[in-house]
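Asker: The following block contains a protein sequence and its predicted model.
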Amino acid sequence: MKKLINKPENVEKEMLQGIVKAHGEYVKKLPDFNVLVRANKKENKVALVSGGGSGHEPAHGGFVGEGMLDGAVAGAVFTSPTPDQVFEAIKAVDGGQGVLLIIKNYTGDVMNFEMAAEMAEMEGIKVEKVVVNDDVAVEGSLYTTGRRGVAGTVFVHKIAGALAEKGASLEEVKTVAEKVIANVRTMGMALTPCTVPAAGKPGFELSEQEMEMGIGIHGEPGTHRQAIALADEIVDHMMGKILGDMDLKANDEVAVMINGFGGTPLMELYIVNNHVNDVLTEKGIKIHKTFVGNYMTSIEMAGCSVTVLKLDDETKELLDARANTIAFRV
Amino acid sequence: MKKLINKPENVEKEMLQGIVKAHGEYVKKLPDFNVLVRANKKENKVALVSGGGSGHEPAHGGFVGEGMLDGAVAGAVFTSPTPDQVFEAIKAVDGGQGVLLIIKNYTGDVMNFEMAAEMAEMEGIKVEKVVVNDDVAVEGSLYTTGRRGVAGTVFVHKIAGALAEKGASLEEVKTVAEKVIANVRTMGMALTPCTVPAAGKPGFELSEQEMEMGIGIHGEPGTHRQAIALADEIVDHMMGKILGDMDLKANDEVAVMINGFGGTPLMELYIVNNHVNDVLTEKGIKIHKTFVGNYMTSIEMAGCSVTVLKLDDETKELLDARANTIAFRV
Amino acid sequence: MINNEKVVLIIQKIAEKIHENRQFLTDLDAAIGDGDHGINLDRGFQAVVEKLPTVKDKDIGTILKTVGMTLVSTVGGASGPLYGTAFMKAGAAMNGKMELETSDLLTIIDEAAKGIKMRGKAERGEKTMLDAIEPAYEVLRRELEKGSTLKDALDEAENAAKEGVEYTKTIIATKGRASYLGERSIGHQDPGATSSMMIFTVLKESCED
Amino acid sequence: MINNEKVVLIIQKIAEKIHENRQFLTDLDAAIGDGDHGINLDRGFQAVVEKLPTVKDKDIGTILKTVGMTLVSTVGGASGPLYGTAFMKAGAAMNGKMELETSDLLTIIDEAAKGIKMRGKAERGEKTMLDAIEPAYEVLRRELEKGSTLKDALDEAENAAKEGVEYTKTIIATKGRASYLGERSIGHQDPGATSSMMIFTVLKESCED
Ligand SMILES: Nc1ncnc2c1ncn2[C@@H]1O[C@H](COP(=O)(O)OP(=O)(O)O)[C@@H](O)[C@H]1O
Ligand SMILES: Nc1ncnc2c1ncn2[C@@H]1O[C@H](COP(=O)(O)OP(=O)(O)O)[C@@H](O)[C@H]1O
Ligand SMILES: [Mg+2]
Ligand SMILES: [Mg+2]
Ligand SMILES: [Mg+2]
Ligand SMILES: [Mg+2]
């Protein structure tokens, strides 16, 4: 394991301290909890809390700030945070209008955030939750845990955050978050694995000729392994999966995110975007905005995910609204 | 070689197309040249042109826009662009007030940009140039090519760009660029090598236990190889080199950049910042602003550089001035 | 029989067992999950071991609830709330007790399983820890009702847990992270079922003497 | 002797030689530079080969200048302006010529070396292409003045270039990217000197028949 770290057991704490030292104008850390909240709390608005395991930076702390999240909870690397941490975040950000929890659909995250919500409700804080499940690589069904929540979560933060900033009610913010969730799809792939510091070795192995299609953001195995292919072929496959699961016609408008997993050069992400853009344009789909970069990473994994969000007038306006956070600015 | 690309010989072109397709509101590409210029040219200001080999994304095209560059020239990966490309950039961005070339100190870059400047002057365009040489890993002397230009270049873009945006003269913009160059120092290290697509294999090799200290942004060998150490120890060594070459006392103000080389997780960059911040703070040095992320990369290399820029009132104000580019927003 | 001191000892032994199998459990999770199950549980049980001295003289209910709360607040992931809820529910049923009858042992395991089902909304056959715990509970109950000695009954229960783990290799996961794999989860044993089985092994070993 | 047709042929052979040694030159550059010298030159000379048909009937000056301009606009890096300037300067001295005397050959190499020195501000002994070109030039001149045949003279010149390349192994680079290495550049041969040496090899081979 080659990492710029000190002790594996301290990575989360030192990272959060490093974030606060770099960006004190944006965020502060709750003493004794791995929770980042806005440096300047805004009262009297619905507050948004998200989070999950660490290792997805800049998610989720990088999205705390004006127009996006109010608090982000950082668990151990790739491990959902515990209920008490989430509970502290809820208490810290609640501004009297209630708190929306934005949860990625993993059993652990759902259970821990749910327990926190129960604790908060016992203290009289209004809490609602939405569960993001945008990963089309995983077949969802009523009888399974359903799809994973991946990079599409960032669009939920952005759009729900913009509505909350405008003073909407908890119910309204939850409704728009659910609209985003209903309209966002993502698919990922990996060229190389990633190593959880505490584990000390990669979570999986790939030979020099192989890639993993449909990879999860924790390095969970995807749909299949195959010989590495040309970028355009990979994009064709991913877009096939994504568009096959969306109801998009000519002249529909979308937002696109080409998300790097942490070890992918920006050069490659732009090469991917070059073809993603062509595939959509050929179908007459209008690309309102494109985001390219590391938004929802998997430590140092090489690879990317493509996210397509179908927009309507409301979500388009909210996507374009001002956001001023460490890692996302509009 | 595991990369999300199509043909190695097309990476630069497809990447630039991917950038323009994603960020058409910021940049456009000159037809037939690997040059990005602002989508909306601003006349009647000094224009700034930078560039170099590709593989350093978001440098340099990511810094084209309001308050920073007017044009960026992209050579083949890790290879200085040719004079005709630079010349086209100069012609395209000149708004009648002259053009400043911001060159990183590599023999190839200096020669190619110089030839372009000669061509531009023959066409009657006023051209000045500055050469950035912030890398303290390399011993500079009158009899060598001197230090390399690395991540500190981004501060030159930012500060000179802010002054140009305010309407200063070519002479003034050049003077402030030189002030930044005189006050900025960087040192880097690598955990893993990088692979130029056309080469198909890594430019150097490092064993599982080794790291390269003082690495260049093209994977040039550094000062020495050593066993991988704790992040804090690595930072201590790098800060020793950087501060040993700067004249900083308590209460001086600095800007800091923790730059990832492309394959480094943000988590590690923040862990590095955590200690960089402590080292400076312990000396009573005031950190005015900190930037953490991928700014001047080396394709997919893992590792980082630390840049310290000593500020005065002028450069501080210019650093804080509005910039609105793809990869740098203030 | 099993007094509060012994309960503390058993929990310490569970912590040791998990620590020894940290890598093994993590590797199992790497194959069909995200490769952290051993790390997660070890972090949690080490925290439990640090906490135990503060409750070692308390009643068994308090001890078990403290274990549960500590797991909830240190493990995270899926197994944190699940094992945490299991111990908390078991503890709630043992309020005030300084000693356990064999029937109490059955209650503890029953409450634990109910807690896991309530929290995780899973059933047996979904490739989770329930596939080790439920058969082990049933066998333990049957053996004790038959009049077997506690030692023999725990022996049989451990075997049932082991068989449960083997069984998880043959089925598709429909709960937890392994469910994303569909068919590809077949052939791999469930890490959570494996850690549950280890708890039965410790129980057996601790009640042999 | 050497007419414009032959010059075109020689340049094609240089392009072939560079192409064959693309990996070798790149590997040399990887050791003390940034690992692109072979890639750079190959890209440039392939462009030259594509361009040659448009000037093949022109005078040698035009041919050489076209080679130079093509290299400048396709190679980039350090070697692009250097080799480009070398060919451009050499071409400027051969304006209008359809055939070369042996003295012209000397002029070409002299002008090329001067172009490289002007553009790169380097001297012999700094571990650059000049360490192959200058000794080769001097030996060629001496041999031709002595009255050796062109074949023998080019043979000796190639040897001198080879020795120059060997010599670069013993010295510290003070120009170009390898200079960042200081002492660590010792033991490695300079990629640019090596490509220059290859050009002399082609010259020799082309004038053997
Ligand atoms: N809904 C559920 N009900 C019961 N057990 C579950 C459920 N979901 C997951 N598990 C158990 O949790 C184990 C994984 O735990 P762990 O790796 O610590 O959490 P995570 O999946 O969050 O990384 C699985 O092997 C499985 O036995
Ligand atoms: N100032 C200089 N004068 C003469 N030759 C030089 C000079 N700088 C570099 N070179 C030559 O250029 C070669 C490197 O070329 P190349 O790898 O193509 O360019 P770059 O260093 O820009 O990657 C060196 O091996 C050296 O021979
Ligand atoms: Mg986990
Ligand atoms: Mg180069
Ligand atoms: Mg797990
Ligand atoms: Mg080179």
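Answerer: Right, received. Where do you want to start? Ligands and ions are numbered 1, 2, ... in the order given.

Asker: SS state for the closest residue to C:Asp190 other than its chain neighbours?
Answerer: Nearest non-adjacent residue to C:Asp190, counting by C-beta to C-beta, 6 or more residues apart in numbering or on different chains: C:Thr168, 4.0 Å away. To be clear about C-beta, it is placed using only N, CA and C from the backbone, and glycine gets the same treatment. When classified by DSSP: H, G, I helix; E, B strand; the rest coil, C:Thr168 comes out as helix.

Asker: Name all residues that make contact with C:Thr168.
Answerer: Taking C-beta atoms under 8 Å, 6 or more residues apart in numbering or on different chains as the criterion, C:Thr168 is in contact with C:Lys127, C:Asp131, C:Ala132, C:His188, C:Gln189, C:Asp190, C:Ala193.

Asker: out of everything not next to it in sequence, what's closest to the residue lying farthest from the centre of chain C?
Answerer: Largest separation from the mean C-alpha position in chain C: C:Glu183, at 26.2 Å (C-alpha atoms, centre = their mean). In space, and not counting its chain neighbours, C:Glu183 is closest to C:Ile172: 6.3 Å by C-beta to C-beta, 6+ apart.

Asker: who touches that neighbour in this structure?
Answerer: So C:Ile172 contacts C:Lys127, C:Ser179, C:Gly182, C:Glu183, C:Ser185, C:Ile186 (C-beta under 8 Å, 6+ apart).

Asker: 7 Å instead, please
Answerer: C:Lys127, C:Gly182, C:Glu183, C:Ser185, C:Ile186 (C-beta atoms under 7 Å, 6 or more residues apart in numbering or on different chains).

Asker: Need the three-state assignment for the residue of chain A found nearest chain D.
Answerer: Per C-beta to the nearest C-beta, A:Met267 is where chain A lies closest to chain D, at 15.6 Å. Using three-state DSSP, the structure places A:Met267 in helix.

Asker: hmm, back to that, show only the entries of the contacts of C:Thr168 found in helices.
Answerer: Of the positions in the contacts of C:Thr168, C:Asp131, C:Ala132, C:Ala193 sit in helices, assigned by DSSP state H.

Asker: Which one (most neighbours) among those residues?
Answerer: Using other C-beta atoms under 10 Å in any protein chain shown as the neighbour test, those are led by C:Ala132, with 31 neighbours.

Asker: Please tell me I have it right and it contacts C:Asn159.
Answerer: No. Assessed by C-beta atoms under 7 Å, C:Ala132 is found out of contact with C:Asn159, at 11.1 Å.

Asker: so where's chain A uncertain?
Answerer: Residue ranges of chain A with pLDDT under 70: A:140-144.

Asker: which SS state does C:Ala173 fall under?
Answerer: Applying three-state DSSP: C:Ala173 is coil.

Asker: Phi, psi for it please.
Answerer: phi -80, psi 130 (degrees, to the nearest 10).

Asker: Check the gap between it and ligand 1 for me.
Answerer: According to C-beta to the nearest ligand atom, to the nearest Å, C:Ala173 and ligand 1 sit 8 Å apart.

Asker: Any idea which residue of the stretch 151-300 of chain A lies closest to ligand 1?
Answerer: Using C-beta to the nearest ligand atom, the single residue of the stretch 151-300 of chain A nearest to ligand 1 is A:His218, 7.5 Å away.

Asker: Was I right to think that residue contacts C:Asp36?
Answerer: No. Taking C-beta under 7 Å as the definition, A:His218 is not a contact partner of C:Asp36, at 8.3 Å.
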